[in-house]
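Enquirer: sequence and computational prediction follow.
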Amino acid sequence: MSRCSDARDFIIQSVPSGVEFPVNRARILAASQVFSDMFACCDSNAPPPGGDDTIHDTLQLQESPELLSLLLRIIEAPELSSDDTQPPDADLILHRTIPFPLLPPLFQLADKYILADAIVRKLEHHLRQNAPSHPFQVFCCATSLNLPLIAACASKYLHSPPLHMYSLSTIRSIPTVEAYHHLVLLHGHRIDRFREILRLEELFPFGYGACPQHMSQIKQRWDMQKMQLLPLIHAASDIADEMETALGHIDCPLCARAVTSATAMMKYKCDKVPKSIKKFPLP
């Protein structure tokens, strides 16, 4: 891009603070039809053709300088790829991921000024990046913004705590009944599958790997531990690790190998259980 096209040839001012932000007029115009209409009101004060390069035009906005600064940086950041499954490094957009508390007001500004889809996609990228650290907040925000893929991404980090431990105020903060129901279905499905996997996993399937000396004792310990674990399973349970930990050290190499093989198979099956609301059919 030429130096001329990157020139800071316009001022946007935060009215509450008086802070001014030099911007590139063409880039801001392309970001929003609302900005374009606002800029048209400033054209009557523009310098005549052939004038100097001094910035003359100013657009005043009733926004805080912090949000306005961040919004302008997002507008001027590089475009995102259209492939949302391969988000670029956040450093290509901003120096770091935008903290979640700033995102809802930024989405409000995007709606208020009818920002271009490319700008909104940048905000959506930052919202998705917050899912691991703020899964519940991202789930609620994405649901309210009708962003089902981001809500589904956040749901895979919502296996714990169990839903019955949510306070009433927390449940009420979920934007829709359907969204809460989807979480209930996800938790219920994972619990049912984990219980089924645990119940059906045999220590010596078809007698394979059986230890002739200790088979009865180790199998009894295995089955007893399964019965103790079954009622404790929740959506975030690692039943393979819990079984292996509960059985402890086993001196017999044959029995130890059987436990390792059985828990490894259990882990493999559990890893196949859907982790998000996107991965299993919803009613």
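Expert: Right, received. Where do you want to start?

Enquirer: residue 66 and residue 109: what is the separation?
Expert: 12 Å (Cβ to Cβ, to the nearest Å). The C-beta positions use only the backbone N, C-alpha and C, and glycine is treated the same way.

Enquirer: between those two, who's got more neighbours?
Expert: A count of neighbours by other Cβ atoms under 10 Å puts residue 109 above the other of residue 66 and residue 109, at 19 against 13.

Enquirer: can you pull the phi and psi angles for the more buried one?
Expert: The phi and psi torsions at residue 109 (degrees, to the nearest 10) take the values phi -70, psi -40.

Enquirer: skipping its backbone neighbours, what lies nearest it in space?
Expert: Taking Cβ to Cβ, 6 or more residues apart in numbering as the measure, residue 109 lies nearest to residue 71, with 5.6 Å between them; neighbours along the chain are not counted.

Enquirer: what packs against the helix or strand encompassing that neighbour?
Expert: Using DSSP states H and E, the element containing residue 71 is helix 65-76. Applying 3 or more Cβ pairs under 8 Å, 6 or more residues apart in numbering; DSSP states H and E, one finds that helix 65-76 contacts strand 10-14, strand 20-23, helix 25-31, helix 103-112, helix 117-129.

Enquirer: hmm, who's touching that helix?
Expert: By Cβ atoms under 8 Å, 6 or more residues apart in numbering, the residues outside helix 65-76 that reach it are 12, 14, 16-17, 19, 21, 23-24, 27-28, 31, 61, 63, 93-94, 98, 102, 105-106, 109, 115, 119, 122-123.

Enquirer: quick one: the helices and strands packed on helix 65-76 as TSV, columns for distance to residue 233 and mean pLDDT too.
Expert: Supplementary listing: the helices and strands packed on helix 65-76 in TSV, determined by distance: least, Cβ to Cβ, whole Å; pLDDT from 0 to 100:
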stretch	distance to residue 233	mean pLDDT
strand 10-14	53	87
strand 20-23	54	88
helix 25-31	50	85
helix 103-112	34	94
helix 117-129	29	94
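
Enquirer: now those in TSV, with distance to residue 239?
Expert: What follows is the helices and strands packed on helix 65-76, written out as TSV (distance: least, Cβ to Cβ, whole Å):
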stretch	distance to residue 239
strand 10-14	54
strand 20-23	55
helix 25-31	50
helix 103-112	36
helix 117-129	29
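
Enquirer: looking at these, which is nearest to residue 193?
Expert: Proximity to residue 193 (Cβ to Cβ) singles out helix 117-129 among the helices and strands packed on helix 65-76, at 26.2 Å.

Enquirer: what's the closest one packed up against?
Expert: helix 65-76, helix 103-112, helix 135-144, helix 148-155.

Enquirer: could you tell me the least trusted of those?
Expert: Mean pLDDT is lowest for helix 65-76 among the helices and strands packed on helix 117-129, at a mean of 89.

Enquirer: for the stretch 101-250 of the chain, give me the ranges with low pLDDT.
Expert: 209 (pLDDT under 70).

Enquirer: what helix or strand is the closest residue to residue 112 other than its chain neighbours on?
Expert: Once flanking residues are discounted, residue 112 sits nearest to residue 34: 7.6 Å by Cβ to Cβ, 6+ apart. Using DSSP H and E, residue 34 maps to helix 33-42.
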